[in-house]
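# Any chance you could fold what I've pasted below:
(4 chains, ligands or ions: 2)
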Amino acid sequence: MSWFKRMKKGITTQNQEKKEIPEGLWYQCPECKHVMTSDQHAENDWLCEKCDYHEKITSLNYFSILFDENQFSEVAAHLISGDPLEFTDTKAYKDRIKTTINKSGLKDALRVGFGNIEGEKAVVACMDFGFIGGSMGSVVGEKFARGVDKAIEENCPFICISKSGGARMMEAGFSLMQMAKTSAKLTQLADHQLPYVSFLTDPTTGGVTASFAMLGDINIAEPKALIGFAGPRVVKETIGKDLPEGFQSSEFVLEHGFLDYIVNRKELKQKLALSLKQMKAKS
Amino acid sequence: MSWFKRMKKGITTQNQEKKEIPEGLWYQCPECKHVMTSDQHAENDWLCEKCDYHEKITSLNYFSILFDENQFSEVAAHLISGDPLEFTDTKAYKDRIKTTINKSGLKDALRVGFGNIEGEKAVVACMDFGFIGGSMGSVVGEKFARGVDKAIEENCPFICISKSGGARMMEAGFSLMQMAKTSAKLTQLADHQLPYVSFLTDPTTGGVTASFAMLGDINIAEPKALIGFAGPRVVKETIGKDLPEGFQSSEFVLEHGFLDYIVNRKELKQKLALSLKQMKAKS
Amino acid sequence: MRNYLDFEAPIKELNEQIQKLKDSAVKTGVNVENAVQELEKALIAKTEDLYKNMDPWQRVQLSRHPDRPYALEYIEAMTEGTWIELHGDRTVKDDKAMIGGFGLLNGESVMFIGQQKGANTKMRQYRNFGMANPEGYRKALRLMRLAEKFNKPIVTLIDTPGAFPGLEAEERGQGEAIARNLFEMMRLKVPVICIIIGEGASGGALGIGIGDRVLMMENTWYSVISPESCSSILWRSWDYKVTAASALKLTAEDMKWNGLIDGIIREPLGGAHANHEQAISILKDVIQSTIADLRKNSNDELVKQRIEKFCAMGKYVEA
Amino acid sequence: MRNYLDFEAPIKELNEQIQKLKDSAVKTGVNVENAVQELEKALIAKTEDLYKNMDPWQRVQLSRHPDRPYALEYIEAMTEGTWIELHGDRTVKDDKAMIGGFGLLNGESVMFIGQQKGANTKMRQYRNFGMANPEGYRKALRLMRLAEKFNKPIVTLIDTPGAFPGLEAEERGQGEAIARNLFEMMRLKVPVICIIIGEGASGGALGIGIGDRVLMMENTWYSVISPESCSSILWRSWDYKVTAASALKLTAEDMKWNGLIDGIIREPLGGAHANHEQAISILKDVIQSTIADLRKNSNDELVKQRIEKFCAMGKYVEA
Ligand SMILES: [Zn+2]
Ligand SMILES: [Zn+2]
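Ligands and ions are numbered 1, 2, ... in the order given. Next up, the predicted model:
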């Protein structure tokens, strides 16, 4: 069954253009094991047609869902990571970046698009988990910042789709300060009375949860996403016993008061557009 | 032992001028049963010299503790209750007021004084439990309001010492709206950057807890006071089992995050004065 | 099946007669139109009569009528599919007894907040009988601030037998939560309209009840305590609820007379429960015209007037 | 008894020799003054030498030195009996790992906030090892807003191995609490000074770390992760903590070099733990002069500059 595995990997990390997947390949839902063609799967917004399982998808996938006619321009697309600390663990950070760029076709873990959602201008920033686990380093922070600037310039809302393991350790202090930087940019957006919607997808943890992902005027999430500050393994070690069923799921986080609503990917565009309309400031 | 009871009653409801208590009378601590002369008791700020039990005292007692040389002028001392709803339960409200005024020597359940605390001007409002259980009606609301106005006029802090069973039912809707009124006045005080200290004493419950008593820039309390919104009997009925030890005590409320500190009556003046100094706005 | 209160018996009877007549007409083919018209006229007359002479305790009962529309029904109907419920206090929990979110009222965005009761046993428990915990009041405040940020008017629909008097409610500061709302609602820089649509019990109601216009629907009550509890405390018996209901002056008429609310919203003949559609339509019209009216003032003026209004409440004697 | 870290062995030895000499002098009456003076000179030279060549991992160890002063000790000493601790987040709890309150610094009121570690086993548990829960961050924010209301400067003393990663911390939104503080601290309209006095671990430190001046004491560390955890994650082994400590550039020197903090506070010779009194006095001077310096700006200017400072952090390539 190795082709199933290959296929899934393709979806989660390399599937930036759905058209690139050769026809005739299959997708098996990891939840219910239902099998469908990858075309059907993509047509269905990468949901399992049987159990609605939300497969992890890329920034380009989300843009294709959100932007009218999939039309958008990228903001700060050219930024790539430096190596501010000349960091080396088992591998030099510089090399890691180079390899990842080549393998993933991504430049870093955040892509920022500007386009229309149901006829209204919007800036959408979206993380790519395929780039070092969606970790936040200087490039993520700066692209986020320029996305906010673009929204202010265009007088339109800002949406961020989070999907991240947290900070990028290889940028250490710089990575930490991106939490401060992104939060600082959001105060500027707020000063302009522009709505900020944080959309949390599977998984959103660590420094991203402890900064921009939790700062939405409304925080919304996909069903059954893992959302937390500390990862479940760490929490389990801390308390020394098993975690309760559904701990740190979207539904759990909603119940505890940190999400405004959970939205099925199929209804995302329409509901988001309505929320944006509702928050458009009356002067 | 009827003289003990008389004595205690004297202290809690009629002891407005400590000098009025005939010498040679005794006070027995209801907590530890320790016996002391009532003079000693008054000298000791009405604390049990053995176990520090804080006896309920009157507004004049508190003023004697707080104001320098017991010097103060009263604000809105002449206000007395009307009978806006011509309310009658087992007794006409009008008659109840008249009887209470005569018996207690009080005009209503709040007294407002203006004087100096360690050399600094301050307005202190203080409830009297002896007047229909320290219940809040229109007079309490209006005196509170005028106290706030006085603080604004004098550009000095406002302190309120709460001791109340809650709203005064015989004023129904009017009583309810005193919660709104007192809160509204506190927004005006805040606009002038003047500190408001809420000092909660035994007992503070109901509508007073759900309005001005919980709105201090700092909330402080005497030890072991009962503080809550719903009374303990009601909560017990709601949950259908016994209440945990110490439920709704000052210490419990501090632990749950609603008090800034608990202060022994002996240290009240000094600590309050320091807090006021700390909050005096820097222009 | 419609539910009838005891004192609605005459209405019930006439309604049943009309139904019977219609049923028999179907069976027998006899023309009963005239007879039905007569009965319907009688029904209207009877209903008008009944509702004209309603005593306070009957109003209290009507406010709790099981067929009465609850907050969500009003909101969803008025916003015609554009309501999105928002959840959570951002600290502890999402309180099901307190709902809130933006919806469009003829294209204009409005923040609706309300206590929600359940329509059946299961939902009543889920909604905790419309008794919010501190997190409910904190959710409400969060949403009001959200509305303020984007300069949207706020409408609260009040319908609660009280703030929940539970152990955890006390632990998490029920008193503080309500007090904070009173304070912060006073200075919200947007129009705020508060409407009692059912029960307006004490601090639990007031906790979302500070507005530029506080309105009561015709068959609701608003006071510092329920007649039952008042009876139990002042008369030391549960038997004086009718007397207490009168003494408390808790009806819309009395509250308006005493200057403690700003207006009364008329209900359809026979009460909101008798005609949901019309009740919703009336409410929608009132909200829209009230917002338009309030928008004539600057937000700063609204705050100033709001504070002054509440500061003026109270009756006392300058002896 | 003073505690010594492994690499402090030469200091320990010299200290013990001096003590021995003094003890023997008392017994024998022999004059040892010259010998003691020589040894003390040697001690100073040795200490200077040791502290000049400290590697990052040694700094990390020093930051956790059991004899190091904690937040409360600094605050109480600096404010000379005028500190009043204020408690509670006004929602759920009083967090013992996060302390706060006003104190007078030479007569001027300052809001001090800090993570507090315990000095012995019992107190360490009471203080949860300086690891705050969400209510700790919310208490801190409440107190910062209180200071802002009365235009008082805010000083935070950071000393934490991290925000607590417990079950209830997650339930009550550890991530949200920290995020909220980052956002709100950015726009506090008063001078804010943040000082790492021990460990500055990740979001747990940053949660009270947004200021006009962020300063590190000499023997502290500040980074996105502890060297131990970094080793375990990146090297998949706990054995690379020394390497990780270097790689993370977490010392005061490195953080200053990279423009991620604004300054370094020198410690007494041998570290703050060797001379509390002097460490306290240095800290007090720094805080006072920094406040005076910041007060030259309007509060609006401070906010603007604060936001700009953090927005400028990051290194990337415009490819
Ligand atoms: Zn499936
Ligand atoms: Zn005693």
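
# From now on I want contacts and neighbour counts done on CA atoms only, so please keep to that.
OK.

# And the pLDDT for the residue in chain A that chain C sits nearest to?
Using C-alpha to the nearest C-alpha, A:Gly257 is the residue of chain A that sits closest to chain C, at 3.5 Å. If you check A:Gly257, the pLDDT there is 98.

# Could you measure from the closest residue to it other than its chain neighbours over to C:Leu141?
Using C-alpha to C-alpha, 6 or more residues apart in numbering or on different chains and skipping residues adjacent in sequence, the residue nearest A:Gly257 is C:Gly88, 3.5 Å away. Here the distance between C:Gly88 and C:Leu141 works out to 11 Å (C-alpha to C-alpha, to the nearest Å).

# Between those two, tell me which one has more neighbours.
C:Gly88 (30 against 24; other C-alpha atoms under 10 Å in any protein chain shown).

# Specify the local secondary structure of the more buried one.
Three-state assignment for C:Gly88 (DSSP: H, G, I helix; E, B strand; the rest coil): coil.

# Which parts of the chain are helices?
No chain in the question, so chain A it is. A:2-9, A:38-43, A:59-66, A:93-104, A:138-154, A:172-191, A:206-209, A:232-239, A:250-255, A:268-279 (DSSP state H).

# hm, I was asking about chain C
Going by DSSP H, chain C shows helices at C:9-28, C:33-52, C:56-63, C:71-79, C:121-126, C:134-149, C:167-171, C:174-186, C:202-206, C:227-234, C:241-247, C:252-257, C:276-294, C:299-311.

# quick one: which of those is nearest chain A?
Chain A sits nearest to helix C:134-149 of all these, at 6.7 Å, using C-alpha to the nearest C-alpha.

# gap between that closest one and the chain center?
Per C-alpha atoms, centre = their mean, to the nearest Å, the displacement of helix C:134-149 from the mean C-alpha position of its chain is 19 Å.

# Is chain D within reach of it?
No. Using C-alpha under 8 Å from any C-alpha of the partner chain, helix C:134-149 stays clear of chain D, coming no nearer than 8.5 Å.

# That helix versus helix C:299-311: what angle between them?
Helix C:134-149 and helix C:299-311 are oriented at 140 degrees to each other (axes from the mean of the first three to the mean of the last three C-alpha atoms, to 10 degrees).

# Identify the residues contacting helix C:134-149?
Helix C:134-149 is contacted by residues A:193, A:217, A:279, A:281, C:87-101, C:110-111, C:113, C:153-154, C:169, C:172-175, C:177-178, C:181, C:184-185, C:188-190, C:207-208 when judged by C-alpha atoms under 8 Å, 6 or more residues apart in numbering or on different chains.

# Stretch A:71-85 too?
So stretch A:71-85 is in contact with A:63, A:93-94, A:97, A:107-108, A:111-116, A:137-139, A:143, A:146-147, A:150, A:170-171, D:247-249, D:315-319, going by C-alpha under 8 Å, 6+ apart.

# Endpoint to endpoint, stretch A:53-70 covers what distance?
Stretch A:53-70 stretches 23 Å from its first residue to its last (C-alpha to C-alpha).

# Buried residues of it, list them for me.
Neighbour counts over stretch A:53-70 (16 or more other C-alpha atoms under 10 Å in any protein chain shown) mark A:53-68, A:70 as buried.

# Same question for stretch C:236-245.
Those would be C:Tyr240, C:Lys241, C:Val242, C:Thr243, C:Ala244, C:Ala245, for stretch C:236-245 by 16+ other C-alpha under 10 Å.

# Next one: residue 75, what pLDDT does it get?
As the question left the chain open, I've gone with chain A. The score at A:Val75 is 98. That number is its pLDDT.

# Chain C was what I was after
For C:Ile75, pLDDT reads 98.

# That one contacts C:Phe112, doesn't it?
Yes. Counting by C-alpha atoms under 8 Å, C:Phe112 is a contact partner of C:Ile75 at 7.2 Å.

# Ok, which of the helices of chain A comes nearest ligand 1?
helix A:38-43 (10.6 Å; C-alpha to the ion).

# Spell out for me which residue occupies the centre of chain C.
Nearest residue to the geometric centre of chain C (C-alpha atoms, centre = their mean): C:Ile197, 1.5 Å.

# That one: what's it in contact with?
Residues touching C:Ile197, when contacts are defined by C-alpha under 8 Å, 6+ apart, comprise C:Ser63, C:Tyr70, C:Ala71, C:Leu157, C:Ile158, C:Asp159, C:Met216, C:Met217, C:Thr220.

# Could you export stretch C:223-242 as CSV, CA atoms only?
Provided in CSV are the C-alpha atoms of stretch C:223-242 (Å, rounded to 0.1, in the frame of the first residue of the first chain):
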residue,chain,number,x,y,z
SER,C,223,-37.5,44.2,39.1
VAL,C,224,-35.0,43.7,41.8
ILE,C,225,-36.5,40.3,42.8
SER,C,226,-39.1,37.8,41.6
PRO,C,227,-42.5,38.0,43.3
GLU,C,228,-42.0,34.5,44.6
SER,C,229,-38.7,35.2,46.3
CYS,C,230,-40.0,38.6,47.5
SER,C,231,-42.9,36.8,49.1
SER,C,232,-40.6,34.3,50.7
ILE,C,233,-38.3,36.9,52.1
LEU,C,234,-40.6,39.7,53.2
TRP,C,235,-43.7,37.7,54.1
ARG,C,236,-41.7,34.6,55.1
SER,C,237,-44.1,32.5,53.1
TRP,C,238,-44.4,31.5,49.4
ASP,C,239,-48.1,32.4,49.4
TYR,C,240,-47.9,36.1,48.8
LYS,C,241,-46.5,36.1,45.3
VAL,C,242,-49.6,37.8,43.8
